[in-house]
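Undergrad: What follows is a predicted structure for the sequence shown.
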Amino acid sequence: MSTNQTILISGPHTHADNSVQYIMGNVIIALLPVTLFAIYLFGLPTLYLIIISLLSALVAEYGCLWLMNKPIRPFLTDGSALLTGLLVALAMPPWAPWWIAIVGSTFAIVIGKQLFGGLGQNVFNPAMLARVMLLIAFPLEMTTWISPHPLLFTGSPGFLESLQITFIGISDIDAISSASLLGHIKTELTLGHSIPEILQQQENFSLLNSFVGFTNGSLGESSSLLLLIGGLYLLFRKIITWHIPVAMIVTTIALASGFHYYNPDRYLDALFHLLNGGAMLAIFFIATDPVTSPSTAFGKILFGVGCSSIEYVIRTWGAFPEGIGFAILLMNALTPLIDHYFRPRIYGRNRSGKPLEQGGKS
Amino acid sequence: MKLFRFRGGIHPEGHKLATTAKPIAVMPMPKYLYVPLQQHIGAPAESEVKIGDQVAKGQLLAHSQGMVSAPVHAPTSGIVNNISEMTAPHPSGLSVRMITLETNSEDQWLNSITSTDPLRLTAEEVAAHVGAAGIVGMGGATFPSAVKLKLSLRHKIKQLIINGGECEPYLTCDDRLMQERSDQVVDGVRIILRAVQAEKALIAIENNKPEAIAAMQKSCGHYADITVVSVPARYPMGSEKHLIQTVTGLEVPAGGLGADIGVLVHNVGTAYAIHQAIRHGRPLVSRVVTVGGGAIQEPQNVEVPIGASLRDVIEFCGGLKETPARLLMGGPMMGQVMPSMQVPVVKGTSGIIALSEQEVSHQAATPCIRCGSCVDACPCGLLPLTMAAHIRSNKLEGAVDFGLIDCVACGCCSYVCPAHIPLVQYFNYAKGELAARQQRKHKTEETRKLAELRQQRIAKEKEAKRLAAEKRRTEKAKRETATQHDDD
């Protein structure tokens, strides 16, 4: 038996059946329903956009790894770049032009991830960083929301027409685009209309539609139902823990219900907040990103509360109709601080780290 | 009975079925035994015999020295063939002093061995007998049991907990011992209980060992002060601190002992050894070892004489199916990789596990994705990922700040890590490095002190010389003036 290679291995000599690849793969699987639904809902331009986004993420990752002389294969196949590309795509308007996808994905990988030192080292969620950058740099392209054009139905663009939309531009942009629901309400509120009035005028608005997904918005935000299913799958698979989603949902309900109760004409109710905009995507897939969220249970709850509070404040009183991207980035920045100050209690010690008294009661 | 939950923990696959139903086999005496003089925590024992001495089974080979130590006895009768440095059963592959015993087939016990009635013994006498029998913690910690008993006599022990957790995968030696020799184990428990004057004893057994629980319950039937408690099967249930928390809800204060909160824990194997020592006067010369793992032909529990080489034990179990990917002493969670098959079984050897290629994870470590699985799994409330990050950048104080010294090296964090980071290895390195630094610091401090003392001494001598010279001068001057006066 050869000895020299093996003798310095510490236990354990057995391992749970998991890997980074398994985690990333499961998140991608959980995102598949909502991705497929978006392709169905908004047609081929969306499919092209997703493909471009995924490819540019992989190319950017490859390029960075090559430049930094890092092993390419293990990192390129761990699924993290693919997931970032997918999340960037899901945060874009469905018919956004090709270069938005390339700029977004490349930015996410190069600036958002690799400049920090690669996998596990980034402070901010790369996809959210890209979304916020695009929103600030290209506000027009990033807020051109089209209404649903389901595949195989009349009005759905064909193969060539879709290529044209993606690579040249939408010809008659005003005819098919409209503000997102949250943006529309924000504008109308500043004009002095009350929320019940605004919602009444909105054709075919119902919370059910928001839930199932026949609304306009970023392509990954359409169906709260499918996002919820994906999120529950991740919980079931123990890829994520309940802390962040529950903290976010409870905080949103508490804040929105409170203000809505106080003045229903001015403040939207909790269900509306949860089912519209990027809330569901963020709750289950963005905020739960392990790298950029706290690693202790209490820290996660704090993080979730922070995300939803900031989101609510921006949505309600801020200049942007949707604030989840900013909210998550702000909380990402606080994560190291949260992790430093909120640690689990160590066995045999009290919260301040002193050994327990002789009684041993914690 | 109300049980409490410790935080974290894992559920590794048990792999116990291969051995749990097979009776303990008794191994024929190998031709040579290699008995290390250090098989325990503390100072090594000092040899009592010379090369060529004829020894009987149970005869003292080496006596304990120092406060924390344990003697070593001849596991069988034979001739002392050699006393030399040989490879220790430790991953370092460093050597330790061993007595090589050429065995004869007689297996003749020492004549002077007598049994004692534990009811006539005082607590100190029980501890003395246990110490003389060379008994150490049989769960693997190998802390001298007599020292533990004596320490607990100074505290008021309310509860005695007998550790039958055996939470390591593959290992079933305690399980089989409880199934087959429950009366003897319970007798050992009664001896300890009486010695430490505790109110009650709890025998905690993981609920994945129903046969052992049934056997032990049967043997405890008449004793009101001994209760068998079925505890959930969750690793690391067999860790002393965590078993105490599970059964009593109390935590051992950091840096303290179970005795500080009125609890004393002994392993079932230790209880059995104490029974043997007191009832039959037999020192600890053999133990039950689980021989298992995918590379072993016939996995089973074997009663092995201390000092038998791993090769002899494995050959008794039909040999190897394949070259083991890892040869371990102990279980796969906390067991240690053995440098060769030639190293001997010692008092703390609970298992010889030869893992096959498929049973060992070969995935290379990738960067930490901060998922926090290790934080959730840690039964001590530490932040393994942060500790490892500090250690990687050589900030050991940072790791200490996050609880490095409270780490029990159970391996839960490494087990669950999706990035396959060898966290325990980091912690072991850091603990070793800290100890080395401490030692260096101590050494420099001592050298500095010595140098200072020397300086002082030299200064003092100089001063004394100066004073003496001055005195001489003045005296001389006095004398001279006196003679001058006389001249006048």
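TA: The structure has been received and is ready for your questions.
Undergrad: in terms of contact count, name the helices or strands touching the strand or helix carrying residue B:469.
TA: If you go by DSSP states H and E, residue B:469 is part of helix B:423-487. Using 3 or more Cβ pairs under 8 Å, 6 or more residues apart in numbering or on different chains; DSSP states H and E, the elements in contact with helix B:423-487 are helix B:384-392, helix B:396-401, helix B:412-416. Quick note: C-beta positions are derived from backbone N, CA and C, even for glycine.
Undergrad: As JSON lines, those helices with distance to chain A would be great.
TA: Rendered in JSON lines, the data for the helices and strands packed on helix B:423-487 read as follows (distance: least, Cβ to the nearest Cβ, whole Å):
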{"stretch": "helix B:384-392", "distance to chain A": "6"}
{"stretch": "helix B:396-401", "distance to chain A": "8"}
{"stretch": "helix B:412-416", "distance to chain A": "5"}
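Undergrad: how about a markdown table for these, with mean pLDDT and mean neighbour count added?
TA: Listed next are the helices and strands packed on helix B:423-487 as a markdown table, based on pLDDT from 0 to 100; neighbours: other Cβ atoms under 10 Å in any protein chain shown:
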| stretch | mean pLDDT | mean neighbour count |
| --- | --- | --- |
| helix B:384-392 | 94 | 23 |
| helix B:396-401 | 90 | 17 |
| helix B:412-416 | 95 | 28 |
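Undergrad: closest to residue A:131 out of the ones you listed?
TA: Of all the helices and strands packed on helix B:423-487, it is helix B:384-392 that lies closest to residue A:131, at 27.4 Å by Cβ to Cβ.
Undergrad: Would you mind measuring from residue A:294 to residue A:248?
TA: Here residue A:294 is placed at a distance of 13 Å from residue A:248 (Cβ to Cβ, to the nearest Å).
Undergrad: ok so, going back, can you put the helices and strands packed on helix B:423-487 in JSON lines and add distance to residue A:344?
TA: Converted to JSON lines, the helices and strands packed on helix B:423-487 look like this (distance: least, Cβ to Cβ, whole Å):
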{"stretch": "helix B:384-392", "distance to residue A:344": "11"}
{"stretch": "helix B:396-401", "distance to residue A:344": "14"}
{"stretch": "helix B:412-416", "distance to residue A:344": "13"}
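Undergrad: how about those helices, which one is nearest residue B:213?
TA: Within the helices and strands packed on helix B:423-487, the stretch nearest residue B:213 is helix B:412-416; the backing value is 24.8 Å (Cβ to Cβ).
Undergrad: quick one: low-confidence parts of the chain?
TA: Let's take chain A. Segments of chain A classed as low confidence (criterion: pLDDT under 70) are A:1-7, A:154-155, A:171-177, A:203-205, A:358-362.
Undergrad: let's do chain B instead
TA: B:485-488.
Undergrad: Double-check residue B:217 against residue B:227; I have them as touching.
TA: No - with contact taken as Cβ atoms under 8 Å, residue B:217 and residue B:227 are classed as non-touching, separated by 9.1 Å.
Undergrad: In three-state terms, how would the residue lying closest to residue B:178 once chain neighbours are set aside be classified?
TA: Taking Cβ to Cβ, 6 or more residues apart in numbering or on different chains as the measure, residue B:178 lies nearest to residue B:212, with 3.9 Å between them; neighbours along the chain are not counted. With DSSP: H, G, I helix; E, B strand; the rest coil as the basis, residue B:212 sits in helix.
Undergrad: Tell me if I'm right that residue A:241 and residue B:375 touch.
TA: No - in this structure residue A:241 lies outside contact range of residue B:375 using Cβ under 8 Å: 10.5 Å.
Undergrad: Which of the two has more residues huddled nearby?
TA: Neighbours of residue A:241 and residue B:375, each counted by other Cβ atoms under 10 Å in any protein chain shown, are more numerous for residue B:375; the result is 26 against 19.
Undergrad: For that one, what is the enclosing helix or strand?
TA: helix B:373-377.
Undergrad: contacting residues around that helix?
TA: The set of residues that contact helix B:373-377 without belonging to it, under Cβ atoms under 8 Å, 6 or more residues apart in numbering or on different chains, is A:241, A:295-297, A:344, B:8-10, B:382-385, B:412-418, B:423.
Undergrad: try stretch B:172-181
TA: Applying Cβ under 8 Å, 6+ apart, the set of residues contacting stretch B:172-181 is B:16, B:19-20, B:22-24, B:139, B:164, B:166, B:185, B:205, B:209, B:211-212, B:215-216, B:267-269, B:272, B:287-290, B:292, B:301, B:350-351.
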